[in-house]
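Colleague: Give the three-dimensional model of this entry:
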Amino acid sequence: MSRPIPARDYVEHFDPELPHHRAWLLAVLEQLVAHEPQALEEGGTLRRLWTERKETAAAASPSPSPSPLAVDARKGNPLSVPWFAQMDSATDQARRMCFSSSCAMLLAFLKPGVLTGSNGDDQYLARVRQFGDTTDAAAQIRALASYGIKARFSSKASFSTLEQQIAAGIPVPCGYLHRGHVSNPAGGGHWLIVVGITATHVIVHDPLGEADLVNGTTIGGTARFCRYSRANFGRRWMVEGECSGWAVLAER
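Modeller: Got it, this is the predicted structure:
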């Protein structure tokens, strides 16, 4: 009988080209998600390993298994919101258009077909710039209104606000401090859109890519249905205390 291969050997020498390596990683992660989800919290070694390897593994597999970090978007929580990536913009605004990309996802969900193609957020950005800068909340609210979406900017949102909006079938663009350690959030701010919420996590589409909420860096990748812990996201979102989160609250 051959001896079992130690788990550390797979972690240190993980090769996405090898089917048994991919199968091992997916099996471990499925078990962790089911029984010990805290092992995949932001900033953890295994979370970083999975983030770095998941797209490579999927590309190498002819029939890739779904990411255990993803959540079924057909259930209503999370909501089946289209995802836009800000960095593929054909404009000169890519690095500063997270607010527009997040609001574009809101619009694309509430008004299907209004924005077309993978760069629909560029189309929305052009509308925003008729009213002001991409970072201007008033310009975002006026742009949404021009599409028939009634919305308001709030600096007093909380997790209860998110729960109410998701229950009503409305995703929520949120602005938070994404740099610096989670113990002392800093930076000029970043926007994403909350598409679902659980008792322990918010589920988000991040136009810049997945964030490391512990260390305040951007991991990158296709950040659809990312699970950000309430504990870490809350410290970066409600930096002035409970009910101090920035959000765009829309109506159907």
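Colleague: What segments of this protein are helices?
Modeller: Ranges of helices in the chain, per DSSP state H, are 7-12, 19-35, 45-60, 98-110, 120-128, 137-146, 159-167, 230-237.
Colleague: What lies in contact with stretch 91-102?
Modeller: With contact meaning C-beta atoms under 8 Å, 6 or more residues apart in numbering, stretch 91-102 is reached by 84-89, 121-122, 124-125, 128, 134-135, 137, 140, 173-175, 190-193, 205, 207-208, 248. For every residue, glycine as well, the C-beta is placed using N, CA and C.
Colleague: Just the buried subset of the residues you listed, please.
Modeller: Judged by neighbour count, with 16 or more other C-beta atoms under 10 Å as the criterion, the buried members of the contacts of stretch 91-102 are 84-86, 89, 121-122, 124-125, 128, 134-135, 137, 140, 173-175, 190-193, 205, 207-208, 248.
Colleague: Could you tell me which of those residues belong to strands?
Modeller: P173, C174, G175, H190, W191, L192, I193, H205, V248 (DSSP state E).
Colleague: closest to R230 among these?
Modeller: If you rank these by distance to R230 using C-beta to C-beta, C174 comes first, at 12.5 Å.
Colleague: Next one: the closest one relative to F159, how far apart?
Modeller: 11 Å (C-beta to C-beta, to the nearest Å).
Colleague: M97 too?
Modeller: M97 is 26 Å from F159, by C-beta to C-beta.
Colleague: Please apply the same query to D122.
Modeller: 32 Å.
Colleague: Start and end of stretch 134-153, how far apart?
Modeller: End-to-end distance of stretch 134-153 (C-alpha to C-alpha, to the nearest Å): 14 Å.
Colleague: Okay, buried residues for that stretch please.
Modeller: 134-137, 139-144, 149, 151, 153.
Colleague: want to try TSV for those residues, with pLDDT as columns?
Modeller: Below are the buried residues of stretch 134-153 laid out as TSV (pLDDT from 0 to 100):
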residue	pLDDT
T134	97
T135	97
D136	98
A137	98
A139	98
Q140	98
I141	98
R142	98
A143	98
L144	98
I149	98
A151	98
F153	98
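Colleague: about what we covered before: can I get the ones in strands among the buried ones among the contacts of stretch 91-102 in CSV with pLDDT?
Modeller: Output for these, formatted as CSV (pLDDT from 0 to 100):
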residue, pLDDT
P173, 98
C174, 98
G175, 98
H190, 98
W191, 98
L192, 98
I193, 98
H205, 97
V248, 98
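Colleague: So which of those is the closest to P78?
Modeller: Nearest to P78 among these, with distances taken as C-beta to C-beta, is H205, at 9.0 Å.
Colleague: Contacts only, for the closest one.
Modeller: V81, W83, S102, M105, P171, L192, I193, V195, A223, R224, F225, C226.
Colleague: Check what pLDDT R48 gets.
Modeller: On pLDDT, R48 comes in at 59.
Colleague: heads up, I number from 570, so please use that
Modeller: Sounds good: first residue 570 from here, last item R617.
Colleague: thinking again about what came up before, comparing M666 and F728, which shows the higher neighbour count?
Modeller: Neighbours were counted for M666 and for F728 using other C-beta atoms under 10 Å; M666 has more, 27 against 19.
Colleague: ok so, going back, out of the buried residues of stretch 703-722, which two sit at the greatest distance?
Modeller: T704 and I718 (19.2 Å).
Colleague: so which of the contacts of H774 is the most crowded?
Modeller: Going by other C-beta under 10 Å, S671 tops these with 30 neighbours.
Colleague: Report the separation between the closest residue in space to A819 that isn't next to it in sequence and S670.
Modeller: Spatial nearest neighbour of A819, excluding adjacent residues (C-beta to C-beta, 6 or more residues apart in numbering): A720 at 4.0 Å. Look at A720 and S670: by C-beta to C-beta, they are 16 Å apart.
Colleague: I710 now?
Modeller: Relative to S670, and taking C-beta to C-beta, I710 is found at 16 Å.
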